[in-house]
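# Test case, fold it:
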Amino acid sequence: MSVFAVLDPAVRLAHDAVSALAAVVPTALAVVLFTALVRLALHPLARSAARGEKVRMRLAPKVAELNRRHKGKPEKLQAALTELYREEKSSPFAGFLPMLVQIPFFSVMYRLFTTPNDLLGHTLAGVPLGLHLGEARTAGQYAVLGALYAAIGAVCWVGFRRARRAAAATAASPTAAGAPAVPGARLLPYLSFGTVLFAAFVPLAAGLYLLTTTAWTAAERAWLHRGAPAPATAAALAA
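Numbering: from 1, shown residues only. Sure thing, here's the model as predicted:
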């Protein structure tokens with residue numbers, strides 16, 4: 001039995017929801033709409049996470065000072081950081097909550113679109129939603145899949161550029177002076193393009209989900225962090 005079998009009740013609910021939408025709109029559009037509706041329901045968490053990230057950025061100088069003051073004293077440093085965030089009514093981990101919440105949703109959608117079901121028999125521009133890149137044979141199939149990957153790549157490029165700007169801004173900030181380098185930090189912005197690679201190994205329907213959720217993430221972060229770059233790590237991973 002697959003480890004994903006525990007998700008089957010939620011998968012059935014997602015299937016029924018997409019099927020209900022597919023009764024009034026094309027199935028491919030139903031996938032997009034269902035994904036957008038779920039992301040809309042998760043938006044309050046994203047707003048809360050954005051506030052937490054802004055608090056962390058504002059407190060960065062104080063955090064750097066506490067690290068300097070309590071260097072070599074981890075217990076005192078942890079107590080000081082806890083008190084600092086308690087006064088701000090925030091948490092250093094607040095920005096990761098939406099990503100953690102999205103993991104079960106992603107798992108459900110992955111299970112839905114990689115397990116044979118009637119939804120995958122529907123088509124987009126004549127291409128079955130259950131088609132993988134390795135199964136493509138006609139020019140039309142390659143064209144549809146290529147357009148999908150190009151669209152995902154374009155969204156990832158936006159995330160990549162935003163993450164690079166945020167990384168540059170962080171490196172140039174006074175609080176970054178003398179701070180130890182984070183292993184692999186320069187590679188983090190490139191993680192955005194992992195979505196394109198992943199899309200090549202899943203059916204077309206799952207690719208539509210990836211395009212929708214990635215585009216939503218990019219637009220949501222741009223709106224919530226307008227006027228200031230998002231943290232490089234979160235920006236890279238979110239896309």
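
# switch to C-alpha atoms for all contacts and neighbour counts from now on
Noted.

# burial measure for Ile52, as a count.
For residue 52 the amino acid is Gly, not Ile. By other Cα atoms under 10 Å, the residues close to Gly52 number 22.

# name the helices or strands packed onto the helix or strand hosting it?
Secondary structure assignment for Gly52, by DSSP states H and E: helix 27-69. Helix 27-69 is packed against helix 8-22, helix 74-87, helix 97-114, strand 123-124, helix 204-224, with contacts defined by 3 or more Cα pairs under 8 Å, 6 or more residues apart in numbering; DSSP states H and E.

# of all those, which lies closest to Ala30?
helix 8-22 (5.2 Å; Cα to Cα).

# what angle separates the closest one from helix 27-69?
Helix 8-22 and helix 27-69 meet at an angle of 130 degrees, taking axes from the mean of the first three to the mean of the last three Cα atoms, to 10 degrees as the criterion.

# Mind pulling up the pLDDT for Ser48?
Predicted confidence (pLDDT) for Ser48: 79.

# Kindly report the same for Val196.
Looking at Val196, the pLDDT reads 90.

# ok, it - how many residues close by?
21.

# most tightly surrounded among the helices and strands packed on helix 27-69?
Mean neighbour count (mean count of other Cα atoms under 10 Å) peaks for helix 204-224 among these, with a mean of 21.

# contact partners of it?
28, 31-32, 35-36, 39, 47, 50, 109-110, 113-114, 120, 128-132, 145, 148, 151-152, 155-156, 158-159, 195, 199-200, 230, 235, 238-239 (Cα atoms under 8 Å, 6 or more residues apart in numbering).

# quick one, that helix and helix 97-114 angle?
Relative orientation of helix 204-224 and helix 97-114, computed by the same axes, to 10 degrees: 160 degrees.
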